[in-house]
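>>> Sequence first, then the predicted structure, then my questions.
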Amino acid sequence: MNFFLAVCFFTALSGFNATAQKTFEWPCFHGPNRTNKSAETGLMKRWPKEGPILIWSAEGLGEGYSSVSVGGGYIYTAGMNDGQTYVFCFDLEGKPVWKKPNGQAWSTTMSHAATYTGSRSTPTYDNGVVYHLGEMGRLTAFKSKTGEEIWHKELVKDFDAEPPEYGYSESVLIDGVHLYVRPFGKKGYQVCLNKSDGSLVWANTEIPGTPGYSSMVIDESGGYRQIIGSSSSCYYSVDTQTGKLLWKVDVVNSRELNNTDAVVYNDYVFIASGYGKGSTLVKLKVIGKEIIPETVWQSALMDNHHGGVILDKGYLYGAGSNSKGWFCLDFLTGKQHWKADGKGSVTYANGMLYLLDERGTMKLVRATPDKFELSGEFKVPGGGKGMYWAHPVVCSGVLYIRHANKLFAYDIFERVAE
């Protein structure tokens, strides 16, 4: 308990064992395949009036918007204390295991961004190693059980880069033996590293625009395994093996901030851009060795800020910024099926949407295009200053919610009365 102020256990679930049910992992931001959808079943379809039971909570994380990852029997997140970014590790009962520094924290003199300070990137777990990107560009690989540093790189120095206006924010992507990250530098805008030692495999300097704040996703189209990311002016794809730029779609909003991860399905890519820009579906058309993105539809709706978008059974679920509200849109046509008040981040499990309003209300909603069907809600306790922007996570029957200095774990497993 030397680096946490408190870890609180609640007697209502004195017999609870986080490993008693089937164990799942959530090894990186938005889950194992970056769709932000859990494969779990057996979860509650309706919450009691007071919400699900809080199993434990932990304090001492400092400021930040990092979500959590779960892998190898541990939970990982990041936070900022006294101008320093830290990576934290807990066991599945919320007990602290280790805390390690990962570079200087991001700070600002911009008055409108005074409450934006703190960690952004969610740690990525892979085969006994945890990778984390600090806001000022320190990329580090830690041993997952002990926090011992294996290697690190300084992206600003190594790739002749300037830190993004709001700090490095992406959660790095591991695919096979490779790690993908964007330094946004003159010597590498998008790079591929060897995950075992951080050595450079390839660097791409062709991508236009200043930094984008989304995290990358994997797709396979046109005979390529490709990664899709964003800059301030476009969404783009590069070949995972060579770094070759395969295609791009120009996307510029009024703030030049593209924050939302792309959503891919078959040969389609859904793109959402905030501040009134709206959303677009493109189809990747293959002509010889070229991939041409063709627009299927565009809409002013679901101009997602940074809360993420879910695709389930042909329908998109997420929030807009200027177009304010939670939306359900038809994936192939863009047609609106429903709209409800609110704005925030989302995850999915067992046919249900978990909607975390940026003011701190968690809602359980059925993932159906028929109507906005609320199946429970509760107010998440405060953890400090700032919005509730960290994305919620469902893993092994537990709902994890991070807010500023605190992490909360709720039991959402459906128990059959004896």
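Now that the structure is in, tell me what you want to look at. Numbering: from 1, shown residues only.

>>> only C-alpha atoms for contact and neighbour calcs from this point on.
Noted.

>>> Now do the end-to-end distance for stretch 172-189.
14 Å (Cα to Cα, to the nearest Å).

>>> what does the average pLDDT come to for that stretch?
Averaging pLDDT along stretch 172-189 yields 98.

>>> tell me how far that stretch is from the chain's mean position?
Chain-centre distance of stretch 172-189: 17 Å, with Cα atoms, centre = their mean, to the nearest Å.

>>> Give me the contact list for it.
28, 121, 123-124, 126, 131-133, 137, 155-156, 158-162, 170, 190-196, 203-207, 210-211, 215-217 (Cα atoms under 8 Å, 6 or more residues apart in numbering).

>>> In strands, which of the residues you listed fall?
124, 126, 131-133, 190-194, 203-204, 217 (DSSP state E).

>>> thinking again about what came up before, out of the contacts of stretch 172-189, which are buried?
Taking 16 or more other Cα atoms under 10 Å as the criterion, what is buried in the contacts of stretch 172-189 is 28, 121, 123-124, 126, 131-133, 137, 155-156, 159, 161-162, 170, 190-195, 203-205, 207, 210-211, 215-217.

>>> who are the neighbours in contact with Gln241?
Contacts of Gln241 by Cα under 8 Å, 6+ apart are Arg225.

>>> ranges for the strands of the stretch 1-150 of the chain?
7-9, 37-38, 53-58, 69-71, 74-81, 84-91, 96-104, 124-126, 129-133, 138-143, 149-154 (DSSP state E, counting those that start in this stretch).

>>> buried ones in the last one?
Judged by neighbour count using 16+ other Cα under 10 Å, the buried positions of strand 149-154 are 149, 151-154.

>>> could the residues you listed go into CSV alongside distance to Gly384 and pLDDT?
Converted to CSV, the buried residues of strand 149-154 look like this (distance: Cα to Cα, whole Å; pLDDT from 0 to 100):
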residue, distance to Gly384, pLDDT
Glu149, 29, 98
Trp151, 32, 98
His152, 30, 98
Lys153, 31, 98
Glu154, 30, 98
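
>>> Which secondary structure element of this structure has the lowest mean pLDDT?
Using mean pLDDT, DSSP states H and E, strand 7-9 stands out as the lowest-scoring helix or strand of the chain, at a mean of 47.

>>> Mind checking the strands of the stretch 1-150 of the chain for the one nearest to Ser299?
Of all the strands of the stretch 1-150 of the chain, it is strand 37-38 that lies closest to Ser299, at 24.2 Å by Cα to Cα.

>>> hmm, who's touching that closest one?
30-31, 310, 347-350, 394-395.

>>> same deal with stretch 319-331?
Under Cα under 8 Å, 6+ apart, the answer for stretch 319-331 is 274-276, 281, 300-305, 307-309, 311, 314-318, 335-345, 369.

>>> I figured Leu133 hits Thr140, correct?
Yes: using Cα atoms under 8 Å, Leu133 is in contact with Thr140, at 6.6 Å.

>>> so what sits against both of the two?
Asn102.

>>> Got a quick ChimeraX command for the buried subset of the contacts of stretch 319-331?
Here is the ChimeraX command that selects the buried residues among the contacts of stretch 319-331 (16+ other Cα under 10 Å):
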select :274,275,276,281,300,301,302,303,304,305,307,308,309,311,315,316,317,318,336,337,338,339,342,343,344,345,369
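
>>> so of the contacts of stretch 319-331, which ones are in strands?
Per DSSP E, the subset of these in strands is 281, 309, 311, 315-318, 336-340, 344-345.

>>> what bridges to Ser345?
Leu356 (DSSP bridges).

>>> Identify the residues contacting it.
Ser345 neighbours (Cα under 8 Å, 6+ apart): 306-308, 318-319, 355-358, 389-392.

>>> With Val365 instead?
352-355, 372-376.

>>> do the same with Cys89
Counting by Cα under 8 Å, 6+ apart, Cys89 touches 74-77, 96-99.

>>> Quick check: closest non-adjacent residue to it.
Tyr76 (4.7 Å; Cα to Cα, 6 or more residues apart in numbering).

>>> OK, contacts around that neighbour?
Taking Cα under 8 Å, 6+ apart as the test, what Tyr76 contacts is 68-70, 87-90, 122-123.

>>> Please apply the same query to Val130.
123-124, 141-144.

>>> Redo those as JSON lines? Include pLDDT.
Listed next are those as JSON lines, based on pLDDT from 0 to 100:
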{"residue": "Pro123", "pLDDT": "98"}
{"residue": "Thr124", "pLDDT": "98"}
{"residue": "Ala141", "pLDDT": "98"}
{"residue": "Phe142", "pLDDT": "98"}
{"residue": "Lys143", "pLDDT": "98"}
{"residue": "Ser144", "pLDDT": "98"}
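
>>> Take those and write them to JSON lines, including distance to Val177.
What follows is these, written out as JSON lines (distance: Cα to Cα, whole Å):
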{"residue": "Pro123", "distance to Val177": "17"}
{"residue": "Thr124", "distance to Val177": "14"}
{"residue": "Ala141", "distance to Val177": "14"}
{"residue": "Phe142", "distance to Val177": "16"}
{"residue": "Lys143", "distance to Val177": "16"}
{"residue": "Ser144", "distance to Val177": "17"}
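
>>> Tell me the one of the residues you listed nearest Asn266?
Distances from Asn266 to the contacts of Val130, taken by Cα to Cα, are shortest for Thr124, at 25.4 Å.

>>> Do I have it right that Leu92 meets Tyr74?
Yes: the pair Leu92 / Tyr74 is scored as a contact, 5.8 Å apart, by Cα under 8 Å.

>>> Neighbour count: these two, which is higher?
Tyr74 (21 against 18; other Cα atoms under 10 Å).

>>> which parts of stretch 164-174 are buried?
For stretch 164-174, the neighbour count (16+ other Cα under 10 Å) marks 164, 166-174 as buried.

>>> Among these, find me the one that's closest to Thr260.
Nearest to Thr260, judged by Cα to Cα, of those is Glu170 at 10.5 Å.
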